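[1] After the sequence you'll find the predicted model.
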Amino acid sequence: MSSALVVEGKTYLVDCGQSSVSQHKRSGLKYGDLAGIFLTHLHADHLADYYNYFIMAGTTGEKNGDVTPSGIPVWGPGSAQGLPTARGRKLPTVGGGEPTPGIKALTDHLHQAFAYSSNIFIRDAGFRDPRDIPDVHEIALPRDSTATWENTAPAMKPFTVMEDDRVKVSATLVPHGPVFPSFAFRFDTDHGSVTFSGDTRKNDNLITLAKGSDILVHEALRIPPDAGLTDDIIDHHGKSHVFVDEVGPIAQAADVPSLVLSHIEETGGGVIDPAVWTKEAAHGYDGKVTVGEDLMRIAVGR
């Protein structure tokens, strides 16, 4: 899962899932135009290519090609500070004394894990020190927030994450199973506004954040009638995601004219039929529905 918002020639990346770096190049975007990386949460499918923006797309000096700029701002979750209970089962805990690293510690651990490769390339090919590329910020929750790893997304108002001369980025907490923190992001620009749901189940925090956006990019999954899933698995999906026939009312409540389905899955390994998905997502929604595809470009404008 990875999306790119381009504003006045600068790219703001939302998540860095598998193949994000190579798809970035295939799309025609330039690494050198990256103006920020925003991570909704720390699941591997949203992080798989994160470090590749520093070691694969950032290996040479900035004067020697199209590479990720030094000091690229990264905004992402801090530590969860706790893990769900094992419910009577004996389960392993990875990470020793640091089982819930936030994005700062995660990035530091990646620097360490790739230290030998980096040190060789620095000496053998004049590559940059990858530690100079990301400028990592953990997103601080508002002081009045009651959120914890046990209460992941209480009702809250959107809050500002950052602002530059092209975009204002706001966030809210969204419920994604036991994951904490898990964010949705809204980008407001002079040319329009786009909200990215991140991974979430239906909730009012997202609707409030997305209110009046030009585009809502929302995750979705579909369970076909013949999927053969147990009630427990269906319940698990329902606690973490939104089913495609539930997305339309969310977009309607947020008063957005355009709904884009992204990070989509036909549970059970089925092939996505855009016509079926469009019809189900349009239920209860008056706006335009687009079923996202790899490398798809969608214009934002008023």
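    Received, thanks. Residues are numbered from 1 along each chain as shown.
[2] what's the next secondary structure element after the lowest-mean-pLDDT helix or strand in the chain?
    Between all helices and strands in the chain, the lowest mean by mean pLDDT, DSSP states H and E belongs to helix 231-240, at a mean of 77. Sequence-wise, the next helix or strand downstream of helix 231-240 (DSSP states H and E) is helix 244-254.
[3] Can you tell me what sits against that following helix?
    195, 202, 206-207, 210-213, 216, 218, 220-222, 242, 259, 261, 264, 277, 280-287, 289 (C-beta atoms under 8 Å, 6 or more residues apart in numbering). Where you see a C-beta, it was placed from the backbone N, CA and C, and this is true even at glycine.
[4] Drop anything exposed from these.
    195, 202, 206-207, 210-211, 213, 216, 218, 220-222, 242, 259, 261, 264, 277, 280-282, 285, 287, 289 (16 or more other C-beta atoms under 10 Å).
[5] These in strands, which ones?
    If you go by DSSP state E, the buried ones among the contacts of helix 244-254 have 195, 216, 218, 220-222, 259, 261, 264, 289 in strands.
[6] from those, which is closest to Tyr116?
    Ile264 (38.2 Å; C-beta to C-beta).
[7] measure Lys25 to Tyr31 for me?
    8 Å (C-beta to C-beta, to the nearest Å).
[8] Name the residues contacting each of those two.
    By C-beta under 8 Å, 6+ apart, the residues touching both Lys25 and Tyr31 are Ala57.
[9] Name the residue in the two with the higher neighbour count.
    Tyr31 (20 against 13; other C-beta atoms under 10 Å).
[10] residues contacting that one?
    With C-beta under 8 Å, 6+ apart, Tyr31 has these contacts: 24-25, 53, 57-58, 66-68.
[11] Run a quick neighbour tally on the nearest residue in space to His176 that is not next to it in sequence.
    Leaving out its chain neighbours, the residue that sits closest to His176 by C-beta to C-beta, 6 or more residues apart in numbering is Ser182, at 4.1 Å. Using other C-beta under 10 Å, Ser182 has 24 other residues around it.
[12] Please report how far Ser182 lies from His46.
    Note on Ser182: its distance to His46, by C-beta to C-beta, is 10 Å.
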